[in-house]
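**Student:** structure for this input, please:
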Amino acid sequence: MPYALTEDGISVHYDVRGTGDPLLLIAGQSNSRHWWDWVRPYFAESFTTIAFDHRGTGASDKPEGDYSTVMFAEDARAVLDDLGVGRAHVYGTSMGGRAAQWLAALHPSRVERLVLGCTSPGGPHGFERGPEVRKALAQPDRGKALQALIDLMYTPGWNGPYSTVGDPDMPPYARRAHLLASAAHNGWDALAAIKAPTLVVHGSDDEFNPTANAPLIADRVPDSRLHLIEGARHAYFEEFHGEAGPLVADFLTA
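**Tutor:** A predicted model of the protein is given here:
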């Protein structure tokens, strides 16, 4: 299995599928590269897709200590470096979108076109999920908490798969480090520094990461456009792939 070595000595597992221009896929919080399993074959028809396990997930190292969205961005850069990819399209969703903001802002020469999906600027400018959502996700009954997460990700009409509900093998300390990294994200200044053409995508009915964050991001990134997927919740890219997949592919090949 291929691994990239980060500057702080962490091994990050990744894999490559497809042919065409490189497309780096960055998963959401507490998820491995399997976040992309349902939609990745579609993109692999036109792109060389690169997906990796965040530190703390999958086959990557799981160090203790603090994580951050900047750290996740640097892990992504290490994967590109290991592959010898100088410049790639980048598609990040949820917390992966927060990491993608930093990757594009701190390393503009590495990002050709950028897609920010169901994500947030964080910090004082971002819209946070409501107290009812937080309470539902934090309830002690793990089965009910999982169902609450599924209901936030997908509409009642979706019968699976459910690729976005977390890496079941994550150690608790790593899961908490992911949560704190995402919560501490403040990408407001990073958004203004992004030079890559950017597509902002969000589900119109997303309560997990409120839809109101999407126009904030689109207004902040200099060269951007916004598209809302009507009726979609947080996992729009999976459940509504028939709309979201061609939308993203058309933007990346424009």
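**Student:** wait, doesn't Leu146 sit right on Thr164?
**Tutor:** No. Taking contacts as Cβ atoms under 8 Å, Leu146 lies outside contact range of Thr164: 11.9 Å. The C-beta positions use only the backbone N, C-alpha and C, and glycine is treated the same way.
**Student:** more crowded one of these two?
**Tutor:** For the pair Leu146 and Thr164, the greater number of neighbours falls to Thr164 (29 against 14), based on other Cβ atoms under 10 Å.
**Student:** who are the neighbours in contact with the nearest residue to the more buried one once chain neighbours are set aside?
**Tutor:** Nearest in space to Thr164, with sequence neighbours left out and distances taken as Cβ to Cβ, 6 or more residues apart in numbering, is Ala235 at 4.7 Å. With contacts defined as Cβ atoms under 8 Å, 6 or more residues apart in numbering, the neighbours of Ala235 are 118, 153-154, 163-164, 203.
**Student:** again, only using 6 Å
**Tutor:** The contact partners of Ala235, by Cβ atoms under 6 Å, 6 or more residues apart in numbering, come to 153-154, 164.
**Student:** how about Phe251?
**Tutor:** Contact partners of Phe251, counting by Cβ under 6 Å, 6+ apart, are Leu199.
**Student:** do you know how far it is from Ala105?
**Tutor:** According to Cβ to Cβ, to the nearest Å, Phe251 stands 19 Å off from Ala105.
**Student:** now do the SS call for Lys135.
**Tutor:** helix (DSSP: H, G, I helix; E, B strand; the rest coil).
**Student:** what does stretch 189-209 contact?
**Tutor:** Under the contact criterion Cβ under 6 Å, 6+ apart, stretch 189-209 has outside partners 101-102, 104-105, 108, 111, 113-118, 120-121, 133, 152, 211, 214, 217-218, 220-221, 223-230, 232-234, 236, 251.
**Student:** what's the first-to-last distance across it?
**Tutor:** From the first residue to the last, stretch 189-209 extends over 20 Å; the measure is Cα to Cα, to the nearest Å.
**Student:** just the buried residues of that stretch, please?
**Tutor:** Judged by neighbour count (16 or more other Cβ atoms under 10 Å), stretch 189-209 contains these buried residues: 190-191, 193-194, 196-203, 205-209.
**Student:** do the same with stretch 6-21
**Tutor:** In stretch 6-21, the ones that count as buried by 16+ other Cβ under 10 Å are 6, 10, 12-14, 16, 18, 21.
**Student:** just put those in TSV and tack on secondary structure and pLDDT.
**Tutor:** Putting those into TSV (DSSP: H, G, I helix; E, B strand; the rest coil; pLDDT from 0 to 100) gives the following:
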residue	secondary structure	pLDDT
Thr6	coil	98
Ile10	coil	98
Val12	strand	98
His13	strand	98
Tyr14	strand	98
Val16	strand	98
Gly18	coil	98
Asp21	strand	98
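**Student:** quick one: which of the residues you listed is nearest to Trp158?
**Tutor:** Taking Cβ to Cβ as the measure, Trp158 sits nearest to Gly18 out of these, at 25.3 Å.
**Student:** how about that closest one: what's its closest non-neighbour residue?
**Tutor:** Once flanking residues are discounted, Gly18 sits nearest to Ala44: 2.9 Å by Cβ to Cβ, 6+ apart.
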